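Asker: After the sequence you'll find the predicted model.
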Amino acid sequence: MLLDRSFWYRQTNRLIIVVSFLLTSIWPISLIQPNWLHPILQLITPVVSICALVTLIVSLAVFARTRQQPSRGSSFLVYMGMVLTSLILLMTTGHFDSPYIVLWMITISLAGLYRYYGLISIGSIVTAYTIYAIADPTIQSSSYSKIIISILIPAIISFLIWRRLSSSAEPVRDYSALAHELDQVSNKAEIILNAIADGVVAINNAGTIQIINPAAERIMGWGKQDALELDYRSVFRLTDDKDRPLAPENDPVQKVLLINESITSNDFTLLTANGKKMIISLLVSPLGPTGSGAIIVFRDITSEVLENRQKAEFISTASHEMRTPVAAIEGYISLALNPDTATIDEKARSYLQKAHESAAHLGQLFQDLLDVSKAEDGRISNNPVSIDVTSFIRDLIGPFQSRASEKGLSLSFVPDVVKEGNSVIEPIYYVSADPSHLREVISNLVENAIKYTKEGSVTIDVGGDSEHVMISVVDTGIGIPAEDIPHLFQKFYRVDNTDTREIGGTGLGLYLCRRLVETMNGRIWIESDYSKGSMFFVELNRIQNDQIINQPPRT
Ligand code: ADP
């Protein structure tokens, strides 16, 4: 504080107000009742009082306008008024012999407050005045020592003040620069927040709304002034799929405050101030350490979701409708190919064979599309039962044997075994999963393994630990280039190279596998050596014997 220049400007201004007020009031008193005044005060002339009055008015005006933070310029103006007043006082009361010499000394001592221009201007005034005073015949009565002391002491004090405040000048400038910078940053932040089309709401550790941008006001139908400082739950009202307010354990904001990790979701419905419901895309991120606050960013995606639903519905209806005639075509071609039901020549048989394959492919494509559209709009049903994975897969791969041997491949199932003494035990791995989903996933993987392997083998394995069951499908086929692996489980993604171009497919099988495995709370991944083979893994949660329900009969 004591090194703060504006503090001293403020104090100097106050001191000048007091002194100039006293000097101003002496003249009217001398007019009314001169006897009340001490002889020294009677020396004060009207010119001094008028000068003091002007200084008083200016200093009061400056004080009123810049009460907290007088600027250097305004403070210097007031100070110069005081310098002029005390100079006239000195000149009219005996120069260096004046009883007011101390006031003069104090006044010019303060020049150091105003840096170079304070020192230079006051130095020039003092020099000019001293020359003038020495030249004046009345100076004879003043001793030179008095003159030197009255100049030297203020000069030293002034220099010391200047040095002391100069050393603190940097921080002072830093503070104001910092304040300016902060001001600019907060302005920029506000501009950005206002320009964002997504709703942004920031809450503190108590869940109280601290910031709300115009987009959030518009989406939620809440005015800024009403929403600020309210609990976010009364403004940002999320509902579950039955339109009830979210339970605290499902509230994403509460979760973020608790676990300090971001949450994104497209599954929440927001209830606006006027009761309108909208589906929102939501991102909640923590603000600093756990529980210190969160920032909620959201967007209305109701129309997008409805549009996607309509698209999925269209695809689903179209593929369902088209599957029926394709199945009929496939059936009639089968009848034509059957020697018991039709007689055709060899040429016609080869054409019909090709037509049958294409009809089967088309049928599969429609089936895949139907499954994908179900997966997309959350219509995948999930009816988990306890499944003994080893026996389930053994039964499942039976029908694939003929297809593998047609291509000259060996298809083997080698579930893990454990040795206990002399006996070898095949552990039983149970999972709780929808059997149709598991069948579809494993069939897809085995089908692909046969399809993309020209020679060698396809090996299916089941293993696991106390928590998980892992099914692997390993082939010695064409493999997958490393750059394609990250995209493999995306919709319609097919590896495009000379190896695959001849092999038909839709790029939907692995995507569907991923969606189905996710529905079963498992995970699926792949490891592959290009041109050496691929390994697909499916991991599901293992259940213990006491959790087994609806166990399907072992076949
Ligand atoms: P597709 O109908 O094309 O087989 P999938 O989604 O089942 O569609 O597979 C996506 C792509 O992954 C395939 O086009 C193929 O390039 C590659 N792929 C899948 N399985 C294998 C495999 N076992 N070996 C080599 N490539 C495979």
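Answerer: Yep, it's here.
Asker: how many neighbours does the closest residue to S534 other than its chain neighbours have?
Answerer: Distances taken as C-beta to C-beta, 6 or more residues apart in numbering place S528 nearest to S534, at 4.1 Å, with adjacent residues excluded. Where C-beta positions appear, they are placed from N, C-alpha and C, glycine not excepted. S528 sits with 20 neighbouring residues when counted by other C-beta atoms under 10 Å.
Asker: Over to P28?
Answerer: Around P28 there are 11 residues (other C-beta under 10 Å).
Asker: okay, now the closest residue to it other than its chain neighbours: neighbour count?
Answerer: Distances taken as C-beta to C-beta, 6+ apart place S49 nearest to P28, at 7.9 Å, with adjacent residues excluded. Counted by other C-beta under 10 Å, the residues lying close to S49 total 24.
Asker: With H180 instead?
Answerer: Using other C-beta under 10 Å, H180 is surrounded by 10 other residues.
Asker: ok, now which ones touch the residue in the stretch 301-450 of the chain that the ligand sits nearest to?
Answerer: In the stretch 301-450 of the chain, the residue that lies nearest the ligand is N448 (3.5 Å; C-beta to the nearest ligand atom). By C-beta atoms under 8 Å, 6 or more residues apart in numbering, the residues touching N448 are G509, L510, F536.
Asker: got a markdown table for those residues, with distance to A111 and pLDDT too?
Answerer: As requested, those are arranged in a markdown table below (distance: C-beta to C-beta, whole Å; pLDDT from 0 to 100):
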| residue | distance to A111 | pLDDT |
| --- | --- | --- |
| G509 | 89 | 91 |
| L510 | 85 | 94 |
| F536 | 87 | 97 |
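Asker: Am I right that the residue nearest to S534 falls within a strand?
Answerer: Yes. Counting by DSSP: H, G, I helix; E, B strand; the rest coil, S528 is located in a strand.
Asker: Spit out the contact partners of it.
Answerer: Taking C-beta under 8 Å, 6+ apart as the test, what S528 contacts is G479, I480, A482, I485, S534, M535.
Asker: which two in these are spaced the farthest apart?
Answerer: Farthest-apart pair in the contacts of S528 is A482 and M535; separation 13.8 Å (C-beta to C-beta).
Asker: In terms of neighbours, single out the busier of these two.
Answerer: Per other C-beta under 10 Å, whichever of A482 and M535 has more neighbours is M535, with 17 against 10.
Asker: ok, now how distant is the residue of the stretch 301-450 of the chain closest to the ligand from A355?
Answerer: Noted for N448: a distance of 24 Å to A355, by C-beta to C-beta, to the nearest Å.
Asker: what about stretch 178-188, average pLDDT?
Answerer: The pLDDT scores in stretch 178-188 average 76.
Asker: Repeat that for stretch 21-34.
Answerer: Stretch 21-34 carries an average pLDDT of 81.
Asker: List the buried residues of that stretch.
Answerer: F21, L23, T24, I26, W27, S30 (16 or more other C-beta atoms under 10 Å).
Asker: Mind putting the residues you listed into a markdown table with distance to the ligand and secondary structure?
Answerer: Below are the buried residues of stretch 21-34 laid out as a markdown table (distance: C-beta to the nearest ligand atom, whole Å; DSSP: H, G, I helix; E, B strand; the rest coil):
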| residue | distance to the ligand | secondary structure |
| --- | --- | --- |
| F21 | 93 | helix |
| L23 | 97 | helix |
| T24 | 96 | helix |
| I26 | 102 | helix |
| W27 | 103 | helix |
| S30 | 108 | helix |
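Asker: Those residues of the stretch 301-450 of the chain touching the ligand, which are they?
Answerer: Listed as neighbours of the ligand in the stretch 301-450 of the chain under the rule C-beta under 6 Å from any ligand atom: N448, A449.
Asker: Recalculate using a threshold of 8 Å.
Answerer: Within reach of the ligand by C-beta under 8 Å from any ligand atom, the stretch 301-450 of the chain has these residues: D368, N444, L445, E447, N448, A449.
Asker: Is it correct that the first one falls within a helix?
Answerer: Yes. Following the definition three-state DSSP, D368 is counted among the residues of a helix.
Asker: what's the neighbour count on it?
Answerer: With neighbours defined by other C-beta under 10 Å, the count for D368 comes to 19.
Asker: ok, now how distant is it from V185?
Answerer: Distance, D368 to V185, by C-beta to C-beta: 53 Å.
Asker: next one: the third one
Answerer: L445 sits 55 Å away from V185, going by C-beta to C-beta.
Asker: can I assume D198 is in contact with R299?
Answerer: Yes. Under the criterion of C-beta atoms under 8 Å, D198 lies in contact with R299, with a separation of 4.7 Å.
Asker: Residues of the stretch 451-555 of the chain that sit close to the ligand?
Answerer: Applying C-beta under 8 Å from any ligand atom, we find that the stretch 451-555 of the chain lies next to the ligand at 451-453, 473, 475, 477-480, 484, 488-489, 493-496, 500, 503-513, 526, 528, 533-534, 536.
Asker: residue contacts, the spatially closest residue to A197 that is not a sequence neighbour?
Answerer: Using C-beta to C-beta, 6+ apart and skipping residues adjacent in sequence, the residue nearest A197 is A215, 5.5 Å away. Shown in contact with A215 (C-beta under 8 Å, 6+ apart): I196, A197, D198, G199, V200.
Asker: Widest-spaced pair of these?
Answerer: Longest span within the contacts of A215, C-beta to C-beta: A197 and V200, 10.1 Å.
Asker: Which one's more surrounded, the two?
Answerer: Counted by other C-beta under 10 Å, A197 and V200 do not tie: V200 has more neighbours, with 19 against 10.
Asker: Neighbouring strands - and their directions - for the helix or strand hosting that one?
Answerer: Using DSSP states H and E, V200 sits within strand 199-204. Strand pairing for strand 199-204, using DSSP bridges, gives strand 209-212 (antiparallel), strand 293-300 (antiparallel).
Asker: Return the set of buried residues in the first one.
Answerer: What it means is strand 209-212. I209, I211, I212.
Asker: Which member of the contacts of A215 is positioned nearest the ligand?
Answerer: Taking C-beta to the nearest ligand atom as the measure, the ligand lies nearest D198 of the contacts of A215, at 34.1 Å.
Asker: contacting residues around the residue in the stretch 101-250 of the chain positioned nearest to the ligand?
Answerer: Per C-beta to the nearest ligand atom, D241 is where the stretch 101-250 of the chain lies closest to the ligand, at 30.9 Å. D241 makes contact with T269, according to C-beta under 8 Å, 6+ apart.
Asker: May I ask you to confirm that it belongs to a strand?
Answerer: No. Checked against three-state DSSP, D241 lies outside a strand; its state is coil.
Asker: Now it. Its backbone dihedrals?
Answerer: Note on D241: its backbone torsions stand at phi -70, psi -10 [degrees, to the nearest 10].
Asker: And it, how close does it get to A482?
Answerer: Noted for D241: a distance of 41 Å to A482, by C-beta to C-beta.
Asker: Tell me which helix or strand the residue nearest to P28 sits in.
Answerer: Per DSSP H and E: S49 is located in helix 46-65.
Asker: so for that helix, what's the average pLDDT?
Answerer: Averaged across helix 46-65, the pLDDT comes to 85.
Asker: Check stretch 544-554 too.
Answerer: On average, stretch 544-554 scores 63.
Asker: List the buried residues for the helix holding S49?
Answerer: So for helix 46-65, counting by 16+ other C-beta under 10 Å, buried means V48, S49, C51, A52, L53, T55, L56, V58, S59, L60, V62, F63.
Asker: Need the contact partners of the helix or strand that contains I280.
Answerer: Per DSSP H and E: I280 is located in strand 277-286. The contact list for strand 277-286, computed with C-beta under 8 Å, 6+ apart, reads 219, 239, 243, 252-253, 255-257, 260-266, 268-272, 292-302, 305.
Asker: Next, the angle strand 293-300 makes with that strand.
Answerer: If you take axes from the mean of the first three to the mean of the last three C-alpha atoms, to 10 degrees, strand 277-286 sits at 150 degrees to strand 293-300.
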